[in-house]
Structure formats: C-alpha cells, structure tokens
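I need the structure of the sequence given here:
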Amino acid sequence: MRQVLSISMPGNTIQTIKEKTKSKGFRSVSDYIKHLIKIDEESDWISEEELLKIVKEGRKEYKEGKTIKANSIADLLV
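Numbering: from 1, shown residues only. Next comes the predicted model:
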C-alpha cells in the first residue's frame, strides 16, 4: 500500500525540484525523488566518519614511511 510523505521546504527549493523534474523528463516529482533515492542506494558513498578514518590511516602510514613517491598514476601501476 502506498503512503504519502509530506515535507516542508522553501518555495524556491520546491520550484527548483519541479523544474528539474520536468527538464529531466520525469512524469512527477514523486518519480524524480524515487530516482534520486535509487541513485543514492546504488552509490558508493562513505560517511564523514569513514573518510576521517581513512585520512588518519593515511597520515599514520606517511609518518611511518610506508608511502611511495609517485610522479604520476602510471608510477603506481608498475
């Protein structure tokens, strides 16, 4: 069974959503929002917490001398 979700947004945001819905060829705002949710679910997003963890690990490895100097990405492929 379908349910209705009501959200509150500034008028200019609503207008932007309606314009994007139309310009991208969606039949309705609901279809556009469902598409955005699908994209979000399929994306490989990481959280801010995960990003900070990766950066801290990288800094630690750098301080421990576990990094290599590369002049280009090609140097990493060898």
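
next one: phi and psi at residue 43?
Note on residue 43: backbone dihedrals following degrees, to the nearest 10 are phi -80, psi 160.

gap between the residue positioned nearest the centre of the chain and residue 29?
Geometric centre of the chain, nearest residue: residue 45, 5.2 Å, by C-alpha atoms, centre = their mean. According to C-beta to C-beta, to the nearest Å, residue 45 stands 23 Å off from residue 29. Glycine gets a C-beta too; all of them are placed from N, C-alpha and C.

list the contacts of residue 44.
Taking C-beta atoms under 8 Å, 6 or more residues apart in numbering, we find residue 44 in contact with no residue.

distance of it from residue 50?
11 Å.

tell me the pLDDT of the residue nearest to the centre of the chain.
Note for residue 45: predicted pLDDT of 86.

flag the shaky bits of this structure, pLDDT-wise.
78 (pLDDT under 70).

how does this structure divide up, domain by domain?
Annotated domains of the chain cover 1-45, 46-78 [automatic domain parsing].

contacts for the longest helix that the chain contains, please.
Longest among the helix segments of the chain by residue count, using DSSP state H, is helix 48-63. For helix 48-63, the external contacting residues (C-beta under 8 Å, 6+ apart) are 46, 67.
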